[in-house]
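*Asks:* Structure, please.
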Amino acid sequence: MHKSNFVIFLAELAGTFGLLVAATGSIVYDGMMGNALGIGFIAMIHFVGLGAMIFLFGRYSMAHFNPAVTIAYFIAKYISAKQILVYVTAQAIGAFLGSLFVKYVIGDFARLGLNSPNHQYPAWGFFGVEVLATVFLMGSILIAVNIRGLQTVLISAIIAGTVALDVFFLGAVSGASMNPIRSLFPALFTGATKDLWLYWTAPFIGAAIVGIIYKKKFVK
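*Replies:* Sure thing, here's the model as predicted:
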């Protein structure tokens, strides 16, 4: 691994760890409090946690923290095929460590922040919402990183704010993961894997749609 890829690896591992702690830890803590804090608290912690990770590590790895985002960045010609493995391996390790931290430091509540769709909706409904949530996320990423002269703190706020809004408004329908690796380890640790098909398909589709549109419109 080249030095630059090693830096990317460390940044993605640390950033994904922080994302998992914020995203799932907020749900676990709310569960500890008897769900008294609610979706507003959970969305706010998503915003603060992800925003901090992007601000701290974005300059080193572009702050993917998400294999669906990595694939979209590859489609959009930001990274090479060889770098995909660097990103995804780091994300997997970071997510695994993040779930361990949440379980043994924060607490073993709320199924470790497991994403779950609302089965009162038909499968095509919550699948479409999860695709749409990821479209919003990936769209905000490519818009933010392509606004010339935009400060890192504003890039962080745009992307993290989009995730927080997705969680707040769409979480009750699809679970609003937008991130296969964020969903994987809570599901594996709790044995509740029946909905993983959703989070390992819809986010990739949503992110890829945005990546393909970006490539066709802006990449020469």
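*Asks:* List the buried residues in the strand or helix carrying G206.
*Replies:* If you go by DSSP states H and E, G206 is part of helix 202-218. Under the neighbour-count criterion of 16 or more other CB atoms under 10 Å, helix 202-218 has 202-204, 206-211, 213-214 buried. Placement of C-beta: from N, CA and C, glycine included.
*Asks:* Residues contacting it, please?
*Replies:* With contact meaning CB atoms under 8 Å, 6 or more residues apart in numbering, helix 202-218 is reached by 66-69, 71-77, 127, 130-135, 137-139, 142, 146, 174, 177-180.
*Asks:* Now, these that are in helices?
*Replies:* 67-69, 71-75, 127, 130-135, 137-139, 142, 174, 180 (DSSP state H).
*Asks:* Spatially, which residue comes closest to the residue sitting nearest the centre point of the chain, not counting chain neighbours?
*Replies:* In the chain, the residue lying closest to the centroid (CA atoms, centre = their mean) is N179, at 4.1 Å. Spatial nearest neighbour of N179, chain neighbours left out: N66 (4.3 Å); criterion: CB to CB, 6 or more residues apart in numbering.
*Asks:* Against Y199, how distant is I93?
*Replies:* 19 Å (CB to CB, to the nearest Å).
*Asks:* what's the answer for G94, then?
*Replies:* Taken as CB to CB, the span from G94 to Y199 is 17 Å.
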